[in-house]
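Undergrad: need a structure here:
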Amino acid sequence: MTDTPPDRLCNDPRSKFHDEALLARGIGIRFNGQERTNVEEYCVSEGWVRTAVGRSLDRRGRPITLKFMGVVKPYFLDTTAAKPESDSSGKS
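TA: Numbering: from 1, shown residues only. Have a look, this model is predicted:
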């Protein structure tokens, strides 16, 4: 597997952009500089994310989503957990 997340990924198994192996590995999203945990779908090249709106569901039982435009930076959670964090504050 590569360490570069795909350009587009979706949580919905009915979508052609759904990839169970990548989702099982864990994907983190930074959107406009903030960590987002409620992202249902993203596209880096087009610069948007779809996020769930509260706990509201549509008539088919899927979360209601809104599309937000901005800077999308996906990353794999397992590669960030493997990196040791160093304390650069200089305190001993």
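Undergrad: for the most centrally placed residue in the chain, helix, strand, or coil?
TA: Taking CA atoms, centre = their mean as the criterion, Ile29 is the residue nearest the geometric centre of the chain, at 3.7 Å. Three-state call for Ile29 (DSSP: H, G, I helix; E, B strand; the rest coil): strand.
Undergrad: same question, Leu23
TA: helix.
Undergrad: how many neighbours does it have?
TA: Residues near Leu23, counting by other CB atoms under 10 Å, number 13. Quick note: C-beta positions are derived from backbone N, CA and C, even for glycine.
Undergrad: just checking, it touches Asp12?
TA: No: using CB atoms under 8 Å as the test, Leu23 is too far from Asp12 to be in contact (10.6 Å).
Undergrad: so the residue nearest to the centre of the chain bridges to which residues?
TA: Assessed by DSSP bridges, Ile29 has beta-bridge partners Arg36, Pro74.
Undergrad: can you give me the end-to-end span of stretch 41-59?
TA: End-to-end distance for stretch 41-59, by CA to CA, to the nearest Å: 19 Å.
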